[in-house]
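> When you get a sec, could you give me coordinates for this:
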Amino acid sequence: MMTAQGEGLGIGQALKDSLGKLVGIGEIGEKMEKTALRNRAGESRSPYVQAHSSNPVAWQLWGDEAIALARKENKLLFVSIGYSACHWCHVMESESFENEEVAAILNHEFIPVKVDREERPDIDRIYMNFLTATTGSGGWPLNVFTTPELEPIFGGSYFPLRPSEDQADFPSILDKLSTVWKEQEDRCRQEATIILQQLKNFAAEGTYGDRVGEGDDGLDLELLEEVYKNFASTFDSTNGGFGSAPKFPTPSKLAFLLRLGQYPQEVLDVIGTSECRTAENIAISTLRKMARGGIHDHISGGFARYSVTADWSLPHFEKMLYDNSQLLHSYLDAFLLSRDAELLGVVYGISTYLTTRLASPEGGFCSSEDADSFYKKGDTEKREGAFYVWTKREFESVLGPQAEPVLSAFYNISGHGNVDPKYDPNDEFIDQNVLSITSTPTKIGALFGMNEDEVVRIIKDGKATLQAHRAKERVRPALDDKIVVGWNGIAIGGLARTAAVLRGFHPTKSEEYLASAIKAAGFIKEKLYDEATKTLYRVWRDGRGETKGFADDYAFLIDGLLDLYEATFDEAWLRWSDDLQGSQISQFYDAHGNGAFFSTASSASHIILRLKDGMDASEPSTNGISASNLYRLSSFLNDETYAKKAKETVGGFESEILQYPWLFPSFMPSIVAKHLGVRGIVLSESSTREGPKVKEFTKQPREGLATFVKLTRETTWLRERNSLLKNFGIDGKPRILICENGACREEELTSESDPSNERLDLSAVEAALPAATVVPEKAA
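As a prediction, the model looks like this:
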């Protein structure tokens, strides 16, 4: 990463050095005149941007008009980027953007522009790269000052209204920047140009795939061992997770660890069998700790974005679709490996949260829920986590004398609250408790002289009572109801896989979750896809947004649709995936450079820097998922051109992967596929039944990149697209093909009478910790 050293950062340093010498907010406010700009935030479809429509700041929308205005008046743009569920975004709005004097400065001296990062991740990535390169850290709100040509000159995250010991106040920053721009414009422009070139050089560094080797030839299976060792060395064996606070769920790491032992023997020989078991245990231990922690909503399901504490006890309470959708995959795989009912209970909880609270009536899934809300109806001031916290007195009042002691012991409820004051600088959590599971029914039974079954019943009934009270008395956090294509793709895949697993023992829930996934996919195809041009649009809210889909929208949706195909065997989803993959390649693939996908299309306007998304972060890597998609499609369709593109995509990041492989876990399945190929199973069955091979497939956790196809007499498009399948199974007789490296061999089908192929073994489930979850009946 670029550091804050070098020629291009002089203006930023000069600002920092002189900020302590500036006039106060009152003095500045007296100098300002009313601005002719008007607040246009209400014209946006974004709930986040719309929420700023009553600010005295005359917010402009990102686009031609705001940029033309900056150039006409020769003013710096103040670009403020955030999202609805961002706590500190709301704090800065309350302190500064609702302040008349601050607004006067912004409106008079700058062109203020408000951007929703979820709607425009391309803009967010560019300026976040600038912020992390110049300050060493990043976060939201992301506030950056740019020249009229959009070149950044200064930026930061949250700026306080009043100065503190280690941070300058926002009005002083505004005053100094306006002065520097007026008095040293040429210097500002020169250094902004240098900074931008540094960013371009840095962005290009990691995609010189042939600097270390030829293509991806240097990317061997031993890299998986390096990734494992790094994750194992940073594992917090006490609390689960990796590193120290603040702690994020890191589903890309968990997915890698859960998959490691499921790869072919050649990988296990490199890593070691015991190491693969350790990897699995690290992931499952982390998932259990998270499930019992305060980051998990024990009443209604779903997870907050991250934990302020190392033990997962105190979250930042915003809930994101992309986090919960990724965690659904992780908990499902962990359950399939462990057969632990506690983990299955979390699968149900996340799935239900997605299909109820985040499900849009029109189809598709909403983006997030805020961290802040009113504690009760009639309140006028929002508090962080107000919807989720409880006092001891509330527990006593709501649950009654029999249930309250049991649930207080189970959820760690204290009369003085369970939030450490050092994590509560604004005194929002005095006497409040964040629910965490700190005991077991066995221990509670011994404490109160009850049998375990009675304790489980009280916990289950008490949880329902708390949920009903919360729904009736509390004010739900605001819902960001825009539908983002990429995040919906992750949710579609998670729900489709969950439905396939549950089909054998909970068909009602299976049908419910699958119907929601299909409805979301259908909504995107109908509302956010142009069939004529095969182009996606990124966002729906009160109509289709103008922004076209980015590379991640295509990547995540294709991934979800491939999972949906394997849950339904409806070839329409596979066919659409093929179309979308062609569009992603034509719009985003770097055919003239080092391969891999740019985040933005070449035709995108006002983009000063085209980036390639390589590292996994809160969302998986666009290129990592794209490489997997290409390998999967090459197997489904017997299309070698897709496999070639997959290899080139991975090879485009060879230099970075060789140096820091643990930053690229989503690339590892493709590295395995490059060496060992993709195994495809093709089953020919009648259209009226689901045979044992299908049931066996749905019981497996994700492994290396493998594909599963079911053909019937009605399958037409796939037979035409994949010549190897043209005549297979036309007679309707049960047959099975194993396809690898462009060739297929027929194998004998296992007898359908073998009950071991029919039953999902849940024999150990009843002994697991019941997180107020009913253990499903064992069934074929």
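
> host element of Leu258?
Leu258 is part of helix 251-260 when elements are defined by DSSP states H and E.

> From Trp576, how far out is Leu564?
Between Leu564 and Trp576 the distance is 10 Å, computed by CB to CB, to the nearest Å. Quick note: C-beta positions are derived from backbone N, CA and C, even for glycine.

> Ok, Phe170 next?
For Phe170 relative to Trp576 (CB to CB), the value is 47 Å.

> between these two, which one's more packed in?
Counted by other CB atoms under 10 Å, Phe170 and Trp576 do not tie: Phe170 has more neighbours, with 25 against 21.

> Need the per-residue pLDDT for the more buried one.
Confidence at Phe170, expressed as pLDDT, is 95.

> same check, this time on Ala772
According to the model's per-residue confidence, Ala772 sits at a pLDDT of 38.

> For the stretch 401-550 of the chain, which segments are assigned as helices?
Taking DSSP state H, counting those that start in this stretch to define them, one finds helices in the stretch 401-550 of the chain at 441-448, 452-473, 485-502, 507-527.

> what's in contact with the next helix or strand after the helix holding Leu258?
Secondary structure here is assigned by DSSP H and E; on that basis, the next helix or strand after helix 251-260 toward the C-terminus is helix 265-271. The set of residues external to helix 265-271 that reach it, using CB atoms under 8 Å, 6 or more residues apart in numbering, is 221-222, 224-225, 228, 260-261, 276, 279, 672, 675-676, 704.

> pLDDT below threshold where in the protein?
Within the chain, the set of residues satisfying pLDDT under 70 comprises 1-35, 205-216, 686-699, 703, 749-780.

> Pick out the residue nearest the middle of it.
Most central in the chain under CA atoms, centre = their mean is Tyr322, positioned 3.2 Å from the mean C-alpha point.

> quick one: what helix or strand has it in it?
Using DSSP H and E, Tyr322 falls within helix 321-338.

> tell me how far that helix is from the chain's mean position?
In terms of CA atoms, centre = their mean, to the nearest Å, the centre of helix 321-338 is found 12 Å from the chain centre.

> In terms of secondary structure, what does that helix contact?
When contacts are defined as 3 or more CB pairs under 8 Å, 6 or more residues apart in numbering; DSSP states H and E, helix 321-338 packs onto helix 251-260, helix 273-292, helix 341-355, strand 366-369, helix 485-502.

> Kindly recompute the last result at 6 Å.
Judged by 3 or more CB pairs under 6 Å, 6 or more residues apart in numbering; DSSP states H and E, helix 321-338 is in contact with helix 251-260, helix 273-292, helix 341-355, helix 485-502.

> Would you convert these into CSV that also reports mean neighbour count?
Supplementary listing: these in CSV, determined by neighbours: other CB atoms under 10 Å:
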stretch, mean neighbour count
helix 251-260, 26
helix 273-292, 20
helix 341-355, 24
helix 485-502, 27
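
> rewinding a little: can you pick the most crowded of the contacts of helix 265-271?
Neighbour count (other CB under 10 Å) singles out Leu260 as the most crowded of the contacts of helix 265-271, with 27 neighbours.

> what's the burial count for Ser414?
Applying other CB under 10 Å, we find 13 residues neighbouring Ser414.

> Got phi/psi on the closest residue to Gln432 other than its chain neighbours?
Closest residue to Gln432 in three dimensions, ignoring its sequence neighbours and counting by CB to CB, 6 or more residues apart in numbering: Val389, at 4.0 Å. The phi and psi torsions at Val389 (degrees, to the nearest 10) take the values phi -100, psi 160.

> quick one: the helix holding Tyr322 to helix 341-355, angle?
Between the direction of helix 321-338 and that of helix 341-355, the angle (axes from the mean of the first three to the mean of the last three CA atoms, to 10 degrees) works out to 150 degrees.

> Leu224 and Phe667 touch, don't they?
No - with contacts counted by CB atoms under 6 Å, Leu224 stays clear of Phe667, the gap being 10.2 Å.

> Next one: Leu358 from Lys726, what distance?
Counting by CB to CB, the gap from Leu358 to Lys726 is 42 Å.
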